[in-house]
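[1] I would like the atomic coordinates for the input below:
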Amino acid sequence: MGQTEIDEIYIGLDHQFRQFVIPVQAKGKDEQIGIVQIEQDVAVCKTKFPSLICRPVAAQFVERDLIALFEFERSEGMVSIKDEKHYRIVPNEMLAMKR
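    Sure, this is the predicted structure:
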């Protein structure tokens, strides 16, 4: 495959104690998320973490204070977007603190 670049990688588990590896691609507003990069991330995870469930993710700035998060899945041999969510980045003062 050659050289690959994963911006971030996380290892975690869910409430059922299933173990996951989450490779993250981070892109700026004018950059394009490449499916080839996502496929490479999945391949690296299968090689380095064969017993973990791979959940590839990409994060992209849409505006200065708005990001889109994409989760990908492989289905019928093709990588496609499984889910897309948008989040507004706000200053701490706008967060409601609950205790």
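[2] Can you list the buried residues in stretch 78-89?
    Across stretch 78-89, burial judged by 16 or more other Cβ atoms under 10 Å covers Val79. C-betas here are computed from N, CA, C, even on glycine.
[3] cool, stretch 30-43 as well?
    Within stretch 30-43, the residues that count as buried by 16+ other Cβ under 10 Å are 33, 37-42.
[4] what mean pLDDT would you report for that stretch?
    The predicted model assigns stretch 30-43 a mean pLDDT of 93.
[5] what distance separates that stretch from the middle of the whole chain?
    Computed by Cα atoms, centre = their mean, to the nearest Å, the chain-centroid distance of stretch 30-43 equals 10 Å.
[6] So what touches that stretch?
    Contact partners of stretch 30-43, identified using Cβ atoms under 8 Å, 6 or more residues apart in numbering, comprise 1, 4-6, 23, 25, 27, 54, 56, 58, 60, 70, 72, 74, 79.
[7] Run a quick neighbour tally on the nearest residue to Lys27 once chain neighbours are set aside.
    Leaving aside its sequence neighbours, Lys27 sits nearest to Gln60 (Cβ to Cβ, 6 or more residues apart in numbering; 4.3 Å). Gln60 is flanked by 20 other residues according to other Cβ atoms under 10 Å.
[8] ok, what's across the strand from Gln60?
    On the basis of DSSP bridges, Gln60 is bridged to Lys27, Ala68.
[9] Number the chain from 25, please
    Taking 25 as the first residue, the last one we looked at is Gln84.
[10] Can you give me the pLDDT of it?
    pLDDT, read off for Gln84, is 96.
[11] Also Val103?
    Note on Val103: pLDDT of 89.
[12] List the beta-bridge partners for it.
    Residues found in beta-bridge contact with Val103 (criterion: DSSP bridges) are Arg98.
[13] which residues touch the residue nearest to the spatial centre of the chain?
    Nearest to the geometric centre of the chain sits Val81, at 1.5 Å (Cα atoms, centre = their mean). Residues in contact with Val81 (Cβ under 8 Å, 6+ apart) are 46-49, 93-96.
[14] Residue ranges in this structure under the pLDDT threshold?
    Within the chain, the stretches with pLDDT under 70 are 25, 121-123.
[15] how about the helices in it?
    59-72 (DSSP state H).
[16] Perfect, I'm done here.
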